[in-house]
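S.K.: everything below, folded, please.
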Amino acid sequence: MTSASPPPDGGDVRHSPLDAEHRSLGGRMVPFAGWDMPLRYGSVLDEHRACRTGAVVFDVSHMGSLWVRGPGAVPALQGLLTNDLGRVGPGRAQYTHLLDDDASVVDDLIVWWVGPEELLVIPNAANTAPARAAVEAAAAGAPGGADVEEVTERRALLAVQGPEARRRLAALAPEAAAVAHFGAVPTSLPGGASGFVGGTGYTGEDGVELFVPVEAAVDVWRALLEAGVVPAGLGARDTLRLEMGYPLHGHELGPGITPLQAGLGWVVGWDKPAFRGREALLAEKERGPARRLAGIVLADRQVPRAGCAVRVAGSAEPAGEVTSGNVSPMLERGIALAFLPPGTAPGTAVKIDIRGRSAAGAVVKPPFIKTGS
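M.R.: Sure, this is the predicted structure:
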C-alpha cells in the first residue's frame, strides 16, 4: 500500500502506509484503535531489550496528525489545552492535555510548534476525532483565524528510539538526528525527502519521531532497517512505556481521570486565564484529588493486569485497582500502575489479587528503571 487507507474490502479497519512491509517481515498484525498494526515481529522481550540497549523503529502512523495554521493558531491551542505554550516557542514540542469540562482527560497529546504560525497536533489514534472537533471549534473563534487540516492519511510517523538511535540515524539524515530533545523542526529524511522531526518518544530512551510524506515512507523504513535499526511492535512499546510509568489513555487517563489524579499536574499552565476544564481542575486542586496514580513492584514474576484489586497489607478492603501491569523485561519482576489513596507512601506493602492468588509487592514512585535519556 502507498497510503494510510481502509482495506480493499471496504471495512472499517485502517492500514499504515507500511502495512505490506510489516507483513513481509512476519509482523503479527492486531487491531488497535481502528487500525491494523504490528504487535511484534518476533519476541516482545527481544524488541524491548533492543530499545533499551540499541535502536528500534516503531511505526506509529495510527496516531493522528492535525496541522493548525494561521495568526490564530497559537491563541486557539493556548486557550484549549492545559499546558502553557508560552513556556516554549517555535522549534519546540510540548506534551499537553485536552480536558472535558469536568477536567477528565479527553486525550494526552503532543504539539510540535514548527513555525511561528504552524503547529502540528498529534493526538492518540482513538481520540483523533474528538481532538479534531475540539481544535476546529477553538480555531473557529481564535482572533485572526486559523485553519485546521487533518493529514493522518498523507504521512507516516516513525519513532526511532534507543541509546543508539541518533547515531544510526545520523548516517542517513544528520539533520534529523541532531534535533534537540523536545525540539520540532523541518528536516531532510533518509533518501532526500522533506519532512519534520521531533525529539520526542514514548520509551524513556533517547530518540526522535519522523513525520514522513506517505510516498517516502517505504524508502525511509527500509533505510532505517538497513542501518541496523530493529523493527519493534506495539507490544514492546507498551512494556517500555510501563517501565517508565508513562500513562496510556484508556488506562491511566480517560473519563473520570484528571491530570492531578494521574500525577501530571506539571502539564497544567495554572497561571493561564483559560483552558477547557480549568475551573473543575482548580477546584480539585484546592480540595486535593481523592486518588493518585502510584507504581507497584512485585516480589516475583507474577503478572498483574488492569482491574486487579490492590490491598494495603493488613486491610481486607481494596484500596484501589491496577490500571496497567506486566512483567518488566529489565527487572524481571511484575510491575503495575494503580490508583491508590493519596497518602499511600512509597515503601507501603501491598498485595494484588491476581486470578485468585495474592501477590506481594511494594509501592514505588515511577519510573521503575533508570535510563540514559
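
S.K.: can you tell me how far residue 372 is from residue 37?
M.R.: Distance, residue 372 to residue 37, by C-beta to C-beta, to the nearest Å: 28 Å. The way it works is simple: take the backbone N, C-alpha and C, and place the C-beta from them, glycine included.

S.K.: wait, residue 207 sits on residue 165?
M.R.: Yes. Between residue 207 and residue 165 there is a contact under C-beta atoms under 8 Å: 4.0 Å.

S.K.: so what sits against both of the two?
M.R.: residue 55 (C-beta atoms under 8 Å, 6 or more residues apart in numbering).

S.K.: all strands of the stretch 251-373 of the chain, in order?
M.R.: Along the stretch 251-373 of the chain, counting by DSSP state E, counting those that start in this stretch, strands occupy 292-298, 309-312, 320-327, 334-340, 349-354, 357-364.

S.K.: how about the stretch 101-250 of the chain?
M.R.: For the stretch 101-250 of the chain, the strands defined by DSSP E, counting those that start in this stretch cover 105-115, 118-122, 147-150, 155-161, 184-188, 194-198, 207-213, 230-232.

S.K.: quick revisit: neighbour count: residue 372 and residue 37, which is higher?
M.R.: More crowded of residue 372 and residue 37, by other C-beta atoms under 10 Å: residue 37, with 28 against 9.

S.K.: which strands and helices sit next to the helix or strand where the more buried one lies?
M.R.: Using DSSP states H and E, residue 37 sits within strand 35-40. Helices and strands touching strand 35-40, by 3 or more C-beta pairs under 8 Å, 6 or more residues apart in numbering; DSSP states H and E, are strand 14-15, helix 19-24, strand 28-32, helix 234-244.

S.K.: what is the longest helix of this protein by residue count?
M.R.: Longest helix in the chain, counting residues (DSSP state H): helix 128-140.

S.K.: how far off centre is that one?
M.R.: Offset of helix 128-140 from its chain centre (C-alpha atoms, centre = their mean, to the nearest Å): 19 Å.

S.K.: buried residues in that helix?
M.R.: Buried residues in helix 128-140, counted by 16 or more other C-beta atoms under 10 Å: 128, 131-132, 134-136, 138-139.

S.K.: of these, just say which sits nearest to residue 232.
M.R.: When the buried residues of helix 128-140 are compared for distance to residue 232 (C-beta to C-beta), residue 128 wins out at 22.7 Å.
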